[in-house]
Every structure is written in C-alpha cells, then in structure tokens.
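# could you look at this predicted model? Sequence included:
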Amino acid sequence: MAQQPTRVRRPTRTGYAGPGGGRHSWIEAPTEYRGTTVQVCGLWPFGTGSATPMVGVPIGRHLYTGATVCFDPISWYTRARLINNPSVFIESEPGMGKSTAVRRMVLGLTARGVTPLILGDLKPDYAALVAALGGQVIRVGPGLDRINPLDAGPWRDVLSRADAKAAAQIRAVVADRRLNMLLALATLARRGPVGADEATVMAAALRYLGEREGDEQPVLSDVVRVIRDAPPEVRAVTLWHRDSDIPRYQDDTANLQRTMLALLHGALGSTFEGQTTVPIDFDTPAVCVDISSIDESDELRTAAALLTTWSYGFGKVEAAHRMADLGLAPPRTFFAVLDELWRALRVGHGLVDRADALTRLNRQKGTGVAFITHTLADLEALPTLEERAKARGFADRAAVLMIGPSSDQELDSVAKVRPLSEAERAEVLSWSAPPSWDAHDNDIVGRGNFLIKVGSRAGIPVHLEPTDIEKRLGNTDFRWAMHQS
C-alpha cells in the first residue's frame, strides 16, 4: 500500500487555515516608535533599523509605517551626504501643501542657525512666519520698498580688504551679475531677445559705471545716460570709435536706447528705478521679500520683480561669503526659496538663460535652494526646444524631487526627469482622488502627501500635518475666514 504524502499547513497572510489557525482573525499592527540606538536598547531590545533617515527637519510621518521622516536639502547634503548638492524641486497641484512643506523646512533650519531667504513671496506664503521668527520682511512694489536691479550687495567692504587679483575677480563677478539682470529686464521690456551687439554696449556701459562707482551703486537711469552720451570707453566696443562717428553710433544704438527708455519710464520704471530703499539684513533669523502687492495679472512686473529679487538676494549671498572669507563677517549658510518659478519663465523671450545665470548656486556657495512650481508642464510651455531643455534643467539639477498630488499627464513629465516605478506612480495618483461632497468633510484627499524621490532610489511617501500655529502663520485664505464658520 502506497504511503500517503504528508500534508503541510502553509500560512496565509492572516494565519493558518483550520481550527486554531487564526485565519479569520485580525491582528492590528503594533504601534511603532522611533529613537536613537542608545535610548531604544534600554527600553526595548528588539529594535530594528529604519528605512528612512533621521537627519534633518522632521517633515512628517511615513504613510505606511508611521515613522518620522526627516528631510531638508541642507542636512541631507552636509550631515548625511545622502545627496550630491543641497537642492530640492517641489511640485504638485495647487493648494496641496507645497508652501506648507517649505515653511516647515524654514522653521526647522532657522533653529539650526541657517538663514532662510524667501526671494519673492507672491501670496504671501511666508511673510507671517518670518515676522514671527523675528526676521526681516521687505515689501516691494509700487509705492512700497524698492530694490535696485543693479545693486550687487556690499562689495565695497570686500574690495577694501582684497588684494589686486581678488579685487579684479570680484569686479568681474559684479559686472556679470549686473549685466545678466539688465539683459533680463531689457528682454521683458522689449518682449524679445537683446542682440549680441546691444549686449556688448550694455556691458561696456556697466563697466564704465563700475570703474567710476562712488558711495552709491549705479541705477537704470545711469545706464541710459551713459549709452546716450556715448563716451569713448563705450564706443570702443563698437565700429564707431572716432568722435566724428557719433551720429552713426547713435543710429546703431537707437533701438537699444528706446528699449532702455521704455524700461525706465514704462510699467517697470516706478518699481525698479532708484537705489535700494531697505537692504537685506543677514543679522536677522530669516529674510522675506514680499512682492504680493504686485497684481497677479501683471505678468511683466511680476517676472521683473522675481528676477530682480533673485539677482539681489544671490548677490548678497556671494558678498556675505566673500566677507566671511576675509574675516569681515561670520560664516553663514543660506536656504533660498524660489516659489512660483513658472511665473518668471513663462513670459518667455530667453528668460530661461537669465534665470539660470542668476540662480545657479552650487554646493561651494553654502546655499541650499528650493524651487517650487505647480507643474513641470509649465517648463514645457516655452517657445523653443532649447529653452524647454534648459527649463527642465532646473528639475534635472535638483538632488531631490518632492512630488505631491499630480495628474497622470504630470507624472509623464516627471518620469522624464526622475524614473518612477509603477507602485510609486500609483501611489501619487491615489492622492488626486476626488474629495467627498460632504460639506462637513474638510479633509482633502492627498493634501500634505509627498513622495520624496532621490535618483533611482525608492521614493519615501510622507504625510505632513501642520500644527495649529503653522496653519495660522500660513493661512493664505484669511480673507475668507468670515465665510468658513
């Protein structure tokens, strides 16, 4: 008689089949706690390692394990070396928590001695938080504070301590930054690119002003005056060197002069002509440049304000580092927040090059950067293939991509920048499910959820729940408060 095979009971996900096997019972997952090995080993000897780093600002909780997730680009770069440069690109649908996540980073980094710089607060999203931290809030707009687009920061203090070689290098850096800013504004005023010959004349005019710079930095009207007056140093970069050639010079530069006059006396002039009224003060915990007084429908002025603020802010950062190198100021680390990136880029006309030149700070500059936008599709809306490729570079160069609730089409764009697995894609899409029609259900599906993606590593799904104080300091719907009771 053949021997019957022995039946082996195999467990299922919920237990063994049969009496006492527990197949139809449910065991709730135990609560997880997190702590250092020194603390945990004395309380519970069976601790396990976590898959999420404990370095940086506590940004939220892991969506599946409930473990604390810590992240900010500066800590992940300087303390854990998890990324190769301190930058993050954040994108999601409107109203889903992008600014809330950045405010959390600002709050945590301020406590660590980092100086956050909110360079162009459009709603405003950050002004109340910066004010509560005791920081500086500069309100730029018509009838308010003004930033001189050619203001390159406190370089004069640096030059007085630098040797001849370093001083020449500093002057070249200042000239390049001023030229990039002037080209950006001229591009906006003209709504078209500036020619190479015109850019050469502008560079010569700025160099002429820089060599004669006194206690005050040059302003836009100074550039207009120098181009119009045609000194020999400016005409030297053209074909019209002799005094008898001045009429030909005037004819050749007439279009440039018209552009500069339109810049000076047009829609942008009242906001950007003149010396900076309130300089950025790095001796405060944080700095916010609030441009919310500019009408959102005024794309030209908004783009100009953003570009000017970025140029001025990064110029101040470079000057601060130079001063620290010379022992004139304490060393500092900065966290620059560039919100609504798309507002400046979508105006077009070559502004991608200008924005890239103004904002390209590498890890040697001691500055972490957060780029924020609604959708990568905004970067694809530029007129030429070359500009679209350069715009994608903002996301390509970012070490970390934080993806909030997004559409299927948006994730197609994200996949061109950072590979996404099917599971990651399904996770993000689930956050965009339509909410309930119940008026008493105030929870919006997916709000506060982000996938933190570094290279080809598996993304970390995290949920950020702001505290009551954070909600109050970040309430951009305060004008609707009377209707929400």
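Happy to help now that I have it.
# quick one, strands of the stretch 51-200 of the chain?
Here the stretch 51-200 of the chain has its strands, by DSSP state E, counting those that start in this stretch, at 58-62, 68-70, 87-91, 115-121, 136-139.
# please disregard the earlier target; I meant the stretch 351-485 of the chain.
For the stretch 351-485 of the chain, the strands defined by DSSP E, counting those that start in this stretch cover 367-373, 400-403, 449-453, 460-463.
# least confident of the ones you listed, on average?
Among these, strand 367-373 carries the lowest mean pLDDT, a mean of 89.
# coming back round to it: residue 186: which of the strands of the stretch 51-200 of the chain is closest?
For those, the distance to residue 186 is smallest for strand 115-121, at 19.8 Å, taking C-beta to C-beta. C-betas here are computed from N, CA, C, even on glycine.
# quick revisit: let me have the strands of the stretch 351-485 of the chain in a markdown table, extended by distance to residue 314.
Below are those laid out as a markdown table (distance: least, C-beta to C-beta, whole Å):
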| stretch | distance to residue 314 |
| --- | --- |
| strand 367-373 | 8 |
| strand 400-403 | 20 |
| strand 449-453 | 26 |
| strand 460-463 | 30 |
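# if we can go back for a sec, nearest to residue 463, of the strands of the stretch 51-200 of the chain?
Closest approach to residue 463 among these is made by strand 58-62 (5.1 Å; C-beta to C-beta).
# adjacent strands (with direction) for that closest one?
Next to strand 58-62 in the sheet, as set by DSSP bridges, lie strand 68-70 (antiparallel), strand 460-463 (antiparallel).
# show the average pLDDT along it.
Strand 58-62 carries an average pLDDT of 93.
# residues in contact with it?
With C-beta atoms under 8 Å, 6 or more residues apart in numbering as the test, strand 58-62 has contacts from 52, 67-72, 101, 104-105, 108, 448, 450, 452, 460-465.
# one more: stretch 162-177?
Residues from elsewhere that reach stretch 162-177 (C-beta under 8 Å, 6+ apart): 152, 155, 158-159, 203, 206-207, 210, 311, 314-315, 318, 322, 326, 357-358.
# 10 Å instead?
By C-beta atoms under 10 Å, 6 or more residues apart in numbering, the residues outside stretch 162-177 that reach it are 150-153, 155, 158-161, 203, 206-207, 209-211, 213, 217, 311-312, 314-315, 318-319, 322, 325-326, 357-358.
# re the thing from before, select, out of the strands of the stretch 51-200 of the chain, the one closest to residue 259.
Per C-beta to C-beta, nearest to residue 259 of the strands of the stretch 51-200 of the chain: strand 115-121, 23.9 Å.
# mean confidence score for the closest one?
For strand 115-121, the mean per-residue pLDDT is 93.
# hang on, the earlier thing: in TSV: the strands paired with strand 58-62, plus mean neighbour count.
Below are the strands paired with strand 58-62 laid out as TSV (neighbours: other C-beta atoms under 10 Å):
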stretch	mean neighbour count
strand 68-70	21
strand 460-463	21
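# between the ones you listed, which gets nearest to residue 428?
strand 460-463 (8.5 Å).
# show the buried residues in the contacts of stretch 162-177.
150-153, 155, 158-159, 203, 206-207, 209-210, 213, 217, 311-312, 314-315, 318-319, 322, 357-358 (16 or more other C-beta atoms under 10 Å).
# helix/strand/coil for residue 301?
helix (DSSP: H, G, I helix; E, B strand; the rest coil).
# just give the closest residue to it, not the sequence neighbours.
Distance criterion C-beta to C-beta, 6 or more residues apart in numbering; nearest residue to residue 301, sequence neighbours excluded, is residue 294 at 5.3 Å.
# hmm, the one you found is touching residue 123, no?
No: Residue 294 sits out of contact with residue 123 when judged by C-beta atoms under 10 Å, with a separation of 11.4 Å.
# which of those two has more residues huddled nearby?
residue 294 (23 against 15; other C-beta atoms under 10 Å).
# can you list the domains in this structure?
Here the domain parsing of the chain from automatic domain parsing is 71-146+283-415+425-432+451-485, 148-275.
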